[in-house]
Structures are given as structure tokens and as C-alpha cells.
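In: curious how this folds, go ahead:
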Amino acid sequence: MPNIVNSATVQINTPTGMKEVPNPSVTYKFQKFPLDPSAFPNDGTGITQRPKTVRAPVNGESAPNTVNLNLANARPSLMEGTVSSNSEVCL
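Out: Got it, this is the predicted structure:
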């Protein structure tokens, strides 16, 4: 994935100038935790157990290298289904 997706922080332009903030593409910290079980039933994925989102969790933390490896392995099949702007299948 592009570096921006894995950077822990990003800089944004605010009315008072540039500000460095946690990157929501990496993780999102739920504002109300624990989550409402009627909106987030415990489906065994662990989302209800963590106060933040994670990608391919290892010991409760995101593992971007695992995600990158999985995407690289899936690339050929993802490319097969990609359609160009000319409605031709890209190979």
C-alpha cells in the first residue's frame, strides 16, 4: 500500500495552520467504547473487543506488512477483474 496509508500521522491544513494528527487510514479510535452491542454484535472478529480499528491484527496491533503481502499475493486476481475507462478488461 502507499506510504500515506501506513503512516502513523498525517498533516492537515486547519484554519489555524498545519496540524499533525493520527492517521485515520491506519487506525480509528472509537469515541464511545465499549461499542453498543446492538449496533456492533460480537461476531467473533474482535471489533467489539478493541477500542480502535486494526488491520490484520497481531497481538492487538495492526500489521501493515501482512496486509501488503496479502494484497501482493491477490494482485493477479484483482487485476483480472479491473476494467479500464474504455470498458476493456485490463490484463
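
In: send me stretch 18-29 as PDB with only the CA atoms.
Out: Provided in PDB are the C-alpha atoms of stretch 18-29 (Å, rounded to 0.1, in the frame of the first residue of the first chain):
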ATOM      1  CA  MET A  18      -0.900  22.900   9.600                       C
ATOM      2  CA  LYS A  19      -1.600  20.300  12.300                       C
ATOM      3  CA  GLU A  20      -0.200  16.700  12.700                       C
ATOM      4  CA  VAL A  21      -3.000  14.200  13.600                       C
ATOM      5  CA  PRO A  22      -3.300  10.500  14.000                       C
ATOM      6  CA  ASN A  23      -3.900   9.000  10.500                       C
ATOM      7  CA  PRO A  24      -7.400   7.600  10.300                       C
ATOM      8  CA  SER A  25      -6.300   5.300   7.400                       C
ATOM      9  CA  VAL A  26      -4.100   3.500   9.900                       C
ATOM     10  CA  THR A  27      -6.400   3.200  12.800                       C
ATOM     11  CA  TYR A  28      -9.600   4.800  14.100                       C
ATOM     12  CA  LYS A  29     -10.100   5.200  17.900                       C
END
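
In: report the buried residues of it.
Out: Judged by neighbour count (16 or more other CB atoms under 10 Å), stretch 18-29 contains these buried residues: Asn23, Val26, Thr27. For glycine as for every other residue, the C-beta is placed from the backbone atoms N, C-alpha and C.

In: let me see the contact set for the first one.
Out: Listed by CB atoms under 8 Å, 6 or more residues apart in numbering, the contact set of Asn23 reads Ile4, Val5, Ser7, Ala8, Thr9, Val10.

In: report how many residues lie close to the fifth one.
Out: The criterion is other CB atoms under 10 Å. On that basis, Thr9 has 11 neighbouring residues.
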